[in-house]
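J.: Have a look; sequence and predicted model below, questions after that.
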Amino acid sequence: MGEEYFSGSTFSYRSGWNEQISLTKRAYTMSDLLNVFSAAGLWIEITVEPQLSADAGRRYPHKLAWMNKYLGILIFKLRPLPH
């Protein structure tokens, strides 16, 4: 997992929710993201990791299994640094 986390290479995979969609992305480390935000003059007000509700997990077990298998998505709410 450490090698994957620090890899700067792009990788592609089929979407677990729609096999007709192929996703290509590059993983970013937390320090990559923090440095980009800081260089842009921003600070993190809040960070959220979306999760399916218990009801949605029962209705969409394949999505719940996919989300449980892979690391989650982080959503940042950013604000300009105070001057």
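T.: That came in fine, so what should we check first?

J.: Break down this structure into its helices, ranges please.
T.: Applying DSSP state H to the chain gives helices spanning 2-6, 30-39, 54-59, 61-69.

J.: Show residues contacting the last one.
T.: If you take CB atoms under 8 Å, 6 or more residues apart in numbering as the criterion, helix 61-69 is touched by 16-17, 51-52, 56-57. All C-beta spots, glycine's among them, are computed from the backbone N, C-alpha and C.

J.: The spatially most central residue of the chain: what's it in contact with?
T.: For the chain, the residue nearest the mean C-alpha position is I73 (2.6 Å; CA atoms, centre = their mean). Shown in contact with I73 (CB under 8 Å, 6+ apart): 49-50.

J.: show me where pLDDT drops low in the chain?
T.: 1-2, 71-72 (pLDDT under 70).

J.: if you set the cut-off to 80 instead, what comes out?
T.: 1-7, 16, 27, 68-73, 83 (pLDDT under 80).

J.: that older thread, looking at the helices of the chain, which is closest to I21?
T.: Between I21 and the helices of the chain, the shortest separation by CB to CB is 13.0 Å, and it involves helix 61-69.

J.: tell me how far that closest one is from the chain's mean position?
T.: Distance, stretch centre to chain centre, for helix 61-69: 15 Å (CA atoms, centre = their mean, to the nearest Å).

J.: repeat for stretch 33-43
T.: Put simply, stretch 33-43 sits 17 Å off its chain's centre (CA atoms, centre = their mean).
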